[in-house]
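Engineer: give the three-dimensional model of this entry:
(chains A and B)
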Amino acid sequence: MTRGACIRASTIGLALVVQASWAHALGNIENGESLFRQCAGCHEVGEGARNRVGPQLNGIFGRTAGTIEGFRYSNAFERAGAKGLEWHAEELDVFLENPKQLVPGTRMSFRGFKDPVQRADVIAYLRQYSDSPSDLPEADATATATDHDLAPEILALEGDAEYGEYLSSECTTCHQIDGADAGIPSIVFWPETDFVVAMHAYKNKRREHPVMNMIAGRLNEEEIAALAAYFSNLEN
Amino acid sequence: MTINRRLFIGTGAAMLAAPMVRAAGHGMPRVVVVGGGAGGATAARYIAKDSDGAIDVTLIEPTRTYFTCFFSNLYLGGFKEIDDLGHTYGTLASDYGVNVVHDWAIGVDRDAKTVALAGGGRVPYDKLILSPGIDFVDGSVPGWDLSSQNAMPHAYKGGSQTELLKAQVMAMPEGGTFAMIAPPNPYRCPPGPYERISMVAYWLSQNNPTAKILVSDPKDKFSKQGLFEEGWQKYYGGMIERIGPDFGAENTSVDVAAMTIDIDGSVENVDVCNVIPAMKAGRIAELAGVTDGNWAPVNPDDMSSKVDPDIYVLGDASEQGDMPKSGFSANSQAKVCANAIRGALTDSRVFPAKFSNTCWSLISENDGVKVGANYEPADGKISSTGGFVSQKGEDAALRKATYEESEGWYAGITADMFG
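Structural biologist: Here you go, the predicted structure:
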């Protein structure tokens, strides 16, 4: 990956164990400006930016979602704001990856940037149009993506698959063990890292879903690792 | 998968791998499960599956095709066919080696540790799971008894009663009246009567829009009340009248021959009368002597009866604490119970009890809502540790997603029960 050199190993301290895809550092503002053209049909940012199809994006860092005066938000965004969603690099990263995942029901029809580097670039571009860094939490300037900021100890936990099998019985009330999706997605044979990252995102309410927030919310790190170990390596 | 696990395991080398068993001097330990619903079918499947043939599992269930009570309201609304709700036990027998006996359990000899069958004979057990669902409290609605269930269906057990109620709704005269007598607490599926009102209203609004729905309800408040009332106002304005205890609903009786309902002295002619009486544990729990009042008290760590440590009671019939009586709850309890029973009968590991429940309800087409909570043993009962409920005013996309999720759940839980 050509952007490997951008990883600031000294800052985040885990570059060697963490793949570039989940530990990118500051993005490239120039690339971000060019990527932002995909957003510019609906959103303005910079001097004189106005609300259009979407709200203007000046000062978005540190703002509570859904709170720009005079813009008519979806119910989904009103709720997200009422529940305390505040925009920082981490939240923007999750949102830009898949807007409907963080805010189900948003009117924003953009499907998301799948590439974390592109997201970092867009976030770096937007970052220019928010207040001076001194007014912001320190984390914003160097934060890595939400899905990717789990402590390496958590990702390194070896799961107890037998315990995972017992715990999995709570999952299989809804998620089918043969992977069939009849309205609730498959969770079988996920790589353990993806499973752990997703479950912690639900646990920490970075991914919005009331049932999953409830189920993941009471699982501890060992239990999430146990589930990941079990589901990643099911017998046929 | 069509391999019978027990045949597949066979003898010889597999015996080395089989867990050590602690049967009472008669070889393989025996678990008997009475009732093949969300509690019983799940428990039978998990014990058989996870013990890899080391435990002999017998499931006693009178019906050959089991019609779920959950989702039966969607059939009333026209969103499901009756066949969508029917499930059979073939896979439990063929893939998991469960011995499925289609008969009624009519008694339990706790000293001899046997279950008597209506067809004759007795089935011995080391551990007995009772998951019989509900029966009705005699006399709770004056004028109604079980012999009236054709004229005034309860439709609170899935199957022929559900079909009967649907047929009666479809046969209502133009502008006719559908009456429901809602049950007192505690009862199976707290949002169930109100989802039913929604679904009957939906069907009538499409096919008989001047019809009326009259509800006599002995409860002050009910599950998801704000969400239901918001939806009724939005979709079925003026069709539904609910009379609560402040207007004498506790003093409601019926005259089956005259097809009238009397709410605190005010008599109405009705065209359909859905009587949902007060409920109690399925009768076998009482016959086994494990009930106290209407329900069977259990220990929250493993669902074992407070009366007999070798009997476990799951689902609606149990008195366990904070969990609502629901298919989801019974399924959740069954897994905790299965893990505990395997641990008691073999050397398998026993893990701490965790329970959960979510109830989805459909208010109108693509307008689904949900309520859920987590539970754990505390203070001698199953106690809630937090939950959520859908909010009023949610947008159509979210409500549609919630409905689609409920369809996923139905597919998931029935696969979890029946294999």
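Engineer: let me see the domain layout of chain A.
Structural biologist: A:2-148, A:153-232 (automatic domain parsing).
Engineer: now the shortest one: mean pLDDT?
Structural biologist: In other words, domain A:153-232. For domain A:153-232, mean pLDDT rounds to 91.
Engineer: next: stretch B:29-44.
Structural biologist: On average, the pLDDT along stretch B:29-44 is 98.
Engineer: ends of that stretch, how far apart?
Structural biologist: Stretch B:29-44 has an end-to-end distance of 14 Å (C-alpha to C-alpha, to the nearest Å).
Engineer: enumerate the positions of it that are buried.
Structural biologist: Buried residues in stretch B:29-44, counted by 16 or more other C-beta atoms under 10 Å in any protein chain shown: B:29-44. Placement of C-beta: from N, CA and C, glycine included.
Engineer: what does stretch B:252-262 give?
Structural biologist: So stretch B:252-262, judged by 16+ other C-beta under 10 Å, has buried residues B:T252, B:S253, B:V254, B:D255, B:V256, B:M259, B:T260, B:I261, B:D262.
Engineer: I'd like the next helix or strand past the helix or strand containing B:T358.
Structural biologist: Element membership of B:T358, judged by DSSP states H and E, is strand B:355-364. Next along the chain after strand B:355-364, taking DSSP H and E as the criterion, comes strand B:367-378.
Engineer: any idea of the mean pLDDT for the helix or strand just after that next one?
Structural biologist: Downstream of strand B:367-378, the next assigned helix or strand under DSSP H and E is strand B:381-389. Here strand B:381-389 scores 95 as its mean pLDDT.
Engineer: just checking, what packs against strand B:381-389?
Structural biologist: Other helices and strands packing on strand B:381-389, by 3 or more C-beta pairs under 8 Å, 6 or more residues apart in numbering or on different chains; DSSP states H and E, are helix A:210-217, strand B:367-378.
Engineer: ok, residues contacting stretch B:320-333?
Structural biologist: The contact list for stretch B:320-333 (C-beta atoms under 8 Å, 6 or more residues apart in numbering or on different chains) reads A:170, A:173, B:37-39, B:42, B:68-70, B:131, B:134, B:186-190, B:223, B:297-298, B:300, B:303, B:314-316, B:318, B:355-359, B:373, B:375, B:381-384, B:409, B:413, B:416-417.
Engineer: as CSV, could you dump the C-alpha coordinates of that stretch?
Structural biologist: Presented in CSV, the C-alpha positions along stretch B:320-333 are these (Å, rounded to 0.1, in the frame of the first residue of the first chain):
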residue,chain,number,x,y,z
GLN,B,320,-39.2,-16.7,36.9
GLY,B,321,-39.2,-12.9,37.6
ASP,B,322,-39.0,-10.1,35.1
MET,B,323,-39.0,-11.8,31.7
PRO,B,324,-42.2,-11.4,29.7
LYS,B,325,-44.0,-14.6,28.6
SER,B,326,-42.9,-14.9,25.0
GLY,B,327,-41.5,-17.3,22.5
PHE,B,328,-38.2,-15.4,22.5
SER,B,329,-38.0,-15.7,26.3
ALA,B,330,-38.8,-19.4,26.3
ASN,B,331,-36.1,-20.0,23.6
SER,B,332,-33.6,-18.0,25.7
GLN,B,333,-34.4,-19.9,28.9
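Engineer: buried sites along it?
Structural biologist: Residues of stretch B:320-333 classed as buried by neighbour count (16+ other C-beta under 10 Å): B:320-333.
Engineer: so of those, which two are at opposite extremes in space?
Structural biologist: Farthest apart among the buried residues of stretch B:320-333 by C-beta to C-beta are B:G321 and B:G327. That separation is 17.8 Å.
Engineer: kindly report the residues of the stretch 301-419 of chain B close to chain A.
Structural biologist: B:328, B:331-332, B:335, B:339, B:349, B:351, B:354, B:356, B:358, B:370, B:372-374, B:385-388, B:390-391, B:393-395, B:397-398, B:401, B:404-413, B:415-416 (C-beta under 8 Å from any C-beta of the partner chain).
Engineer: determine if any part of the strand or helix carrying B:S94 is in contact with chain A.
Structural biologist: According to DSSP H and E, B:S94 maps onto helix B:90-96. No. Interface with chain A: helix B:90-96 contributes nothing (C-beta under 8 Å from any C-beta), its closest point being 11.9 Å away.
Engineer: which of the residues in that helix are buried?
Structural biologist: Buried residues in helix B:90-96, counted by 16+ other C-beta under 10 Å: B:T91, B:L92, B:A93, B:S94, B:D95, B:Y96.
Engineer: give me the mean pLDDT for the helix or strand following it.
Structural biologist: Downstream of helix B:90-96, the first helix or strand assigned by DSSP H and E is strand B:99-101. For strand B:99-101, mean pLDDT rounds to 98.
Engineer: under the pLDDT cut-off, which ranges of chain B? List them.
Structural biologist: B:1-25 (pLDDT under 70).
Engineer: how about the helices of it, start to end?
Structural biologist: Taking DSSP state H, the helices of chain B run over residues B:5-9, B:13-17, B:40-51, B:72-77, B:90-96, B:160-170, B:192-207, B:225-236, B:283-287, B:327-345, B:396-418.
Engineer: kindly report the same for chain A.
Structural biologist: Secondary structure of chain A by DSSP H: the helices cover A:9-12, A:29-35, A:37-40, A:75-82, A:89-97, A:99-102, A:116-127, A:139-142, A:152-156, A:161-171, A:192-203, A:210-217, A:221-232.
Engineer: as TSV, those with mean neighbour count and distance to chain B would be great.
Structural biologist: Compiled in TSV, the helices of chain A are given as follows (neighbours: other C-beta atoms under 10 Å in any protein chain shown; distance: least, C-beta to the nearest C-beta, whole Å):
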stretch	mean neighbour count	distance to chain B
helix A:9-12	12	33
helix A:29-35	16	27
helix A:37-40	13	21
helix A:75-82	19	4
helix A:89-97	23	17
helix A:99-102	19	9
helix A:116-127	23	24
helix A:139-142	14	28
helix A:152-156	13	21
helix A:161-171	20	4
helix A:192-203	20	13
helix A:210-217	19	4
helix A:221-232	22	9
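Engineer: including distance to B:T210, could the ones you listed go into JSON lines?
Structural biologist: Formatted as JSON lines, the helices of chain A follow (distance: least, C-beta to C-beta, whole Å):
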{"stretch": "helix A:9-12", "distance to B:T210": "68"}
{"stretch": "helix A:29-35", "distance to B:T210": "58"}
{"stretch": "helix A:37-40", "distance to B:T210": "52"}
{"stretch": "helix A:75-82", "distance to B:T210": "33"}
{"stretch": "helix A:89-97", "distance to B:T210": "48"}
{"stretch": "helix A:99-102", "distance to B:T210": "41"}
{"stretch": "helix A:116-127", "distance to B:T210": "56"}
{"stretch": "helix A:139-142", "distance to B:T210": "61"}
{"stretch": "helix A:152-156", "distance to B:T210": "61"}
{"stretch": "helix A:161-171", "distance to B:T210": "47"}
{"stretch": "helix A:192-203", "distance to B:T210": "47"}
{"stretch": "helix A:210-217", "distance to B:T210": "38"}
{"stretch": "helix A:221-232", "distance to B:T210": "53"}
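Engineer: so for A:D181, which of those sits nearest?
Structural biologist: Of all those, helix A:161-171 sits nearest to A:D181, with 13.7 Å by C-beta to C-beta.
Engineer: now what about the closest one, what contacts it?
Structural biologist: Outside helix A:161-171, the residues that touch it by C-beta under 8 Å, 6+ apart are A:177, A:187, A:215, A:219, A:222-223, A:225-231, A:233, B:46, B:50, B:332, B:335, B:339, B:349, B:351, B:354, B:356.
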